[in-house]
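Asker: How does the following fold in three dimensions:
(chains A and B)
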Amino acid sequence: MTATELENATKTFKFSFPTCTNEDLLFKLEVPVEIPYPGSTRELVQRILKMFHIPVYLEDELNEKLADFVSEETRNFHHNRDATLIDQLKNNELDLEGIIKNWEKQFKNVVDFAEQKGSSDEEVFAAAYHKLVHSPALETILQVESAYAKTVMDMIQNRDDDIRKLTKRQTEEMEEKIRLLNTSTTEEEINTLAAKHFEAQSLATGRWDSQLDALKHTQRAEHRTWLMNAINEYQTEEKITPSNSPLCSYASLPPAPAAPATLLEESFTIHLGSQLKQTHNIRLVCADMLDLCARDRTDGGLSLSLYSSELSGAVVVCEGRPSRSPLTSLPRVTDHHFPDLHDQLRRIEEAVADPAETRNRSRGERESRRRALRAGDVFVTRHSNLSQHVVFHLVADEDELRSAELSSRHRAVLGLREVLLAAQRNDVASVALPLLLRRELGEDATAAWCLRRAELVLKCVKGFVLEASAAGGARLKTLTAAVPREARALFPALAALLPAVFRVAGPLRPRLPSHEAPRPRV
Amino acid sequence: MEDDYKFAASTFFAKNHPGETCGSNGLPLTPSSITILGRSQRLLQIEHPNLCTYLDIIRGKHERIIVVAEVIGKALADYTTKFSYEEIVNIATQIACGMKLLHDGDIIHRTLSDDNILLDSNGRVKLFHYGMFYMTNEGKEVPFPLGLPRYFSPEAIIGGGGPSADVWAFGIIILELFIGKLWNNLKPSPTLRRILTLVHSNNPAERIAREHYALDAYKGIPENIRGIIEKCLRIYPSERATFKDLHSELSIMNTRTPSEIKPVRGLMGCKLQYLYHWWQLAGGDIQAELKKNGLIKNSPPILSMPIAILLDGPTIGGKTGALFDRRIAKYSLDLLKNRLSHIPPSDFYPLMHERRRDYEAMALPKIIRERDTEYQFYRLLWFQRLLHGYPYTAQCIRSEAEIDIPPLVRGDVWAALLGVLGDIDTHYERIDKETPTHTDRQIDVDIPRCHQYCWLLCGAEGHKKLKRLLKAWLLTNPQYVYWQGLDSLTAPFLYLNFCNEARAFACLTAFVPKFLHKFFLKDNSAVIKEYLAKFWQMAAFHEPQLATHLHDINFVPELFAIPWFLTMFSHVFPLHKIVHLWDALLVEGPSLPLFMGTAILRQLRDTLLDSGFNECILLFSDLPEIDIGECVKESIDMCRSTPKSLSYRRFTNEPEIKDPMVSGVHLGQHELKSLGPQSYKVLVEAVRMNKIIVVASAEDGTAQLFSSYLVKCMVARVCVLQGGVAALHTHVPSLFITQRKTAIK
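Answerer: Okay, here's the model as predicted:
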């Protein structure tokens, strides 16, 4: 525990017995014995008897002597170690303060001695929300949330319209100016205009963004207050549905837009494991990872499972700066549960700097950006406003990913392993990942390249899933492998690859009762 | 009522390995919870009147361990009244008695405290959860400290502490019983400081009393017990008494003869392990009660998601280790009592000569029967009775095992079925399992790949035991060599006898000659060849169409069935399926595996008939899910409806079959020349009635060809009378009246 662990000692067991002919002449036996002895002394006696050809009539005596010897020596071993320690203590040779501090720190992990702390706000809210969405109030909550969402989406729409108009006006103005260049306007004037336009643009975006922020803030606060009131009401009055919602009319919202285009999709059930088989579902889809993350419908399923232990997650490949996460490009409604994406990313960037530096130094890297993440690192964001609860950002170098030769020991692949292990440890039951580890395919991606990459990733994933399931946690139920839309033509080939890599459960066949074997053709 | 509670559970989290989790051998490190599970198996075996029996160690999700153990009365800490001198001596004697047993078994308690010493109204004392230090490998596998600070001995605080640290804690507890709780309400670090300053004192016990202003009370303690306290509270461990001395000294002082507790009859008189098992079957839920008491808190996982994971670096954010809660949840058996309330008292004591009962549940599948409270109640009591009478009841056990085997006593029943007898412990002890041999390398490679989904077998403890078993078997069977698969074959025995290596070994030793005679010879080709040929004949006998198909595409058993038979299927199925398979195997005898193989083919029949060679290879490289219940049932049916002589093998230890009617029948399907025999009416009739067709001919060659033809025509149950018609003549001359070429039996 605290002080030095003493090495186990080896003691010599001595035994002597008279020879048959001469009582005074003794056979002497010396056996080194490890103290404390981990095995059975009786087994050791058997080995000694055999090895030294000791007459069997000595067996009982030897058994007794050796057992006594070992217990005596073990006692001495403990006593000597402890006596030394106590002497050191008496002579003030020990770092007493350090030892006590360490115990104090350790005992903080025991309820009886730990500082009392109540549940955090987050936990209280989580419990309340979880309870309400699993009550008849679910529908109300969903309606309220989608009304909130609509307001935000409307504002985003307005912003986009406004900025588009502004841009159009500015373009026209600029074109006009350029047409008149050298006649009535000077280059300098154009430059001034460009600067002015730029300023107007940033002003407009800034204004809209702050408006959006303000709206989200208000919504979040409102939502919280309303929900906490609702839970009180629900608990005290056992009301079926919470009343006085913050929005008076949410009567009929237009149905959410249908999922974009028909998704190419194929599902398989696979069994993994050599003797004990675990069932997993594997889904191959042709879609952009970001589309899989974007909120496209409001079916409540995600709200229901938000605080459950069956989360869903997605892997997004990105570069090292968290603030440049591709997720930022998605239109997002208010997140009522977690900090806004930008806040989360900022926090991550701050939190990873020091550990990343330590790690990079330990790897002996001396390049620039020494506080930045490297390929294979993963950062994680949580969302209630996307169609995934958790997004694992897998840091990778685009150029490296484009290369043909990616080995199973490549950092991006190892990062994928970390993702799957983390998913299993943190109850993320379904994970969507980019099968080709790329968001979009360039000219360089030939069919052969795609298939090779897909096979490598699938094989690695298979290994990682097996490894994760051995570690004991949530089971990865569903794996979604997404391929970019450009690879549409390859879809059948990829779909054929899956059963080859995984053992696919055969289709169910009705089985004939065995005694009705087919009639013989005689 | 306090006494209503029969057992209790406590729970904690094992340590998480930090960062990259690979051991030196390149394999992932064993999770701490697995190590704890493996180590704690030994504790489940301990039974002593002063120790609460451990009932179960459960590994939950995310490294959670739940420990279930017996409880009685209530903890010393919960008694508010002071104890009299006599009572204290009585309590101390019993603690010392329990501790003596632990120390004899090299188990250090370390967490001895007033809240895990239980006392009931009869004055019985039992130590509760004494194995924490042992199961967690001296606390190395958990992220929190063990024990309460005020019972720490000085040397334990500064990093030492052997068994004598328990003696110190014992001394403190006795002292507390006289002068009240020590260092009450003091935080850990001041308490530890106080204890450490004691090292400068000549009489720590007296000094503690003085510090607590209880010197008078201390001086008032009768001299003999004060002497005991002082003998425990010596600074140097070597000067402290041992529990052996303490127990004998206290026993003399103890005036209270342990009040005779009348043996309980009825349900409460049953073994606690059985009660716990039935309680679980009746719907008892350990986790539910823990949750109700707030001992399992379900914080939503999304709130403890890490924010970043660095490759070769730390994980940032995420779970903070849950605090260790020392509280326990107690359980009563009301659920079970209600469930079994209608059972008449006489049923608790089944008599051996009673007629076998018929239970309603008997018609249900085995898996369901294993979960039926009442059925298991009857079966367990009955088997307990039978096992008690072993070996005289061997025949009876066999015929009961034919129905089913209660999972709780499967290890015992298997040993009985295999005829394990005698002083197996001494026998096993005599075998050298340590000296390195040239097969060690291969064994070391195979063990970490053998049934590793099983939490017992995948830990260090499991690996060690498996290796010892394999080495012991190889040493005692010098005529055999280590064939890969022997590890899988040993695994079920180890799994069922995890704490009884000797019996696992005895079972394996009895199993091999019975079922796998000569399979582990260095050159086992002849044996395997014969076995596979027999298997193929069985397939042709029962599944002619399938066998013909596989024969046609050249998918021969050598390609897939060797691991099936070499390991008796233990390499291809998970343990929970193997046990059912072997239940049948041990009862039915060595010819059953042939039919099991056939039954597996039968289950895959449709797929196989549609498949070509390559698909078949793929299919068998990773066997799909097989319904074992069905497989067992069919194989037994097939086995019993097949002439014994048909499955007779030369390489076996079984006595030769002397059945005169069908002796030595062979069936093969060699190259088939178009043979044009007429379809006999009788033959068709026989096929329709599902009879066995014996082809008998004066010449074996003709019989072979004809029988092959029949198989090709998908006629089931064809076999050949070896030696032709003449063979019949020698056996039963009187029956021999017809000269027809084909005899229909």
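Asker: from here on, contacts and neighbour counts on C-alpha atoms
Answerer: Fine.
Asker: Could you grab the helix/strand/coil label for residue 67?
Answerer: Unless you meant another one, I'm taking chain A. helix (DSSP: H, G, I helix; E, B strand; the rest coil).
Asker: wrong one, chain B
Answerer: Assignment for B:Val67 (three-state DSSP): strand.
Asker: Give me the neighbour count for it.
Answerer: As a burial measure, B:Val67 scores 22 neighbours (other Cα atoms under 10 Å in any protein chain shown).
Asker: and the residue nearest to it when sequence neighbours are not counted, how many neighbours does it have?
Answerer: Sequence neighbours aside, B:Ile57 is the residue nearest to B:Val67 in space, at 4.7 Å (criterion: Cα to Cα, 6 or more residues apart in numbering or on different chains). B:Ile57: 21 surrounding residues under other Cα under 10 Å.
Asker: my guess is B:Ile57 contacts B:Ile65, does it?
Answerer: Yes. Assessed by Cα atoms under 8 Å, B:Ile57 is found in contact with B:Ile65 at 6.9 Å.
Asker: Would you point out which residue is most central in chain B?
Answerer: B:Leu496 (3.1 Å; Cα atoms, centre = their mean).
Asker: Distance check, that one against chain A.
Answerer: 17 Å (Cα to the nearest Cα, to the nearest Å).
Asker: Apart from its neighbours in sequence, what residue is nearest residue 411?
Answerer: Let's take chain A. Nearest to A:Arg411 is A:Gly376, by Cα to Cα, 6+ apart, at 4.6 Å.
Asker: please go with chain B instead
Answerer: Nearest to B:Gly411 is B:Leu496, by Cα to Cα, 6+ apart, at 5.1 Å.
Asker: List the residues that contact that neighbour.
Answerer: Residues near B:Leu496 by Cα atoms under 8 Å, 6 or more residues apart in numbering or on different chains: B:410-411, B:504.
Asker: what about residue 222, neighbour count?
Answerer: Went with chain A since none was named. Using other Cα under 10 Å: A:Glu222 sits among 16 other residues.
Asker: not quite, I wanted chain B
Answerer: Counted with other Cα under 10 Å, the neighbours of B:Pro222 add up to 10.
Asker: With A:Arg359 instead?
Answerer: Residues within reach of A:Arg359, counting by other Cα under 10 Å, total 21.
Asker: Spell out the secondary structure type for it.
Answerer: helix.
Asker: May I have the predicted confidence score for the residue nearest to B:Val67?
Answerer: pLDDT, B:Ile57: 95.
Asker: does it sit in a helix or strand, and which one?
Answerer: B:Ile57 is part of strand B:54-59, with elements assigned from DSSP states H and E.
Asker: ok now do B:Ala75, which residues does it touch?
Answerer: B:114-119.
Asker: give me the number of residues near the spatially closest residue to A:Leu26 that is not a sequence neighbour?
Answerer: Spatial nearest neighbour of A:Leu26, excluding adjacent residues (Cα to Cα, 6+ apart): A:Pro18 at 4.3 Å. Neighbour count for A:Pro18, taken as other Cα under 10 Å: 12.
Asker: measure A:Pro18 to chain B for me?
Answerer: Distance of A:Pro18 to chain B, given as Cα to the nearest Cα: 24 Å.
Asker: Same question for A:Gln157.
Answerer: 31 Å.
Asker: Excluding sequence neighbours, find me the nearest residue to A:Gln424.
Answerer: A:Ala474 (5.2 Å).
Asker: circling back: now, which of the contacts of B:Leu496 lie within strands?
Answerer: Using DSSP state E, no member of those falls within strands.
Asker: so of these, which ones are in helices?
Answerer: B:410-411, B:504 (DSSP state H).
Asker: Spell out the secondary structure type for B:Arg649.
Answerer: Per three-state DSSP, B:Arg649 ends up coil.
Asker: so who does B:Asn199 touch?
Answerer: For the record, residue B:199 is Val, not Asn. The contact partners of B:Val199, by Cα under 8 Å, 6+ apart, come to A:86, A:90, B:154, B:235.
Asker: Just give me the neighbour total for the third one.
Answerer: I take that to be B:Pro154. By other Cα under 10 Å, the residues close to B:Pro154 number 29.
Asker: Surely it touches B:Arg193?
Answerer: No. The pair B:Pro154 / B:Arg193 is not scored as a contact, 9.4 Å apart, by Cα under 8 Å.
Asker: What residues are bridge-paired with A:Phe17?
Answerer: A:Phe27 (DSSP bridges).
Asker: Was I right to think it contacts A:Phe27?
Answerer: Yes. With contact defined as Cα under 8 Å, A:Phe17 counts as touching A:Phe27 (5.3 Å).
Asker: Comparing these two, which residue is more hemmed in?
Answerer: Taking other Cα under 10 Å, A:Phe17 and A:Phe27 do not tie; A:Phe17 has more neighbours (15 against 11).
Asker: Return the residues of the stretch 251-400 of chain A in contact with chain B.
Answerer: Contact residues, the stretch 251-400 of chain A versus chain B (Cα under 8 Å from any Cα of the partner chain): A:274-277, A:306-309, A:311, A:348, A:351-352, A:355-356, A:359, A:373, A:376-382, A:389-390.
Asker: List only buried entries from the residues you listed.
Answerer: A:274-277, A:306-309, A:311, A:348, A:352, A:355-356, A:359, A:373, A:376-382, A:389-390 (16 or more other Cα atoms under 10 Å in any protein chain shown).
Asker: Could you tell me how many residues sit around residue 90?
Answerer: Looking at chain A here, since you left the chain open. By other Cα under 10 Å, neighbour count at A:Lys90 equals 14.
Asker: um, chain B though
Answerer: 23.
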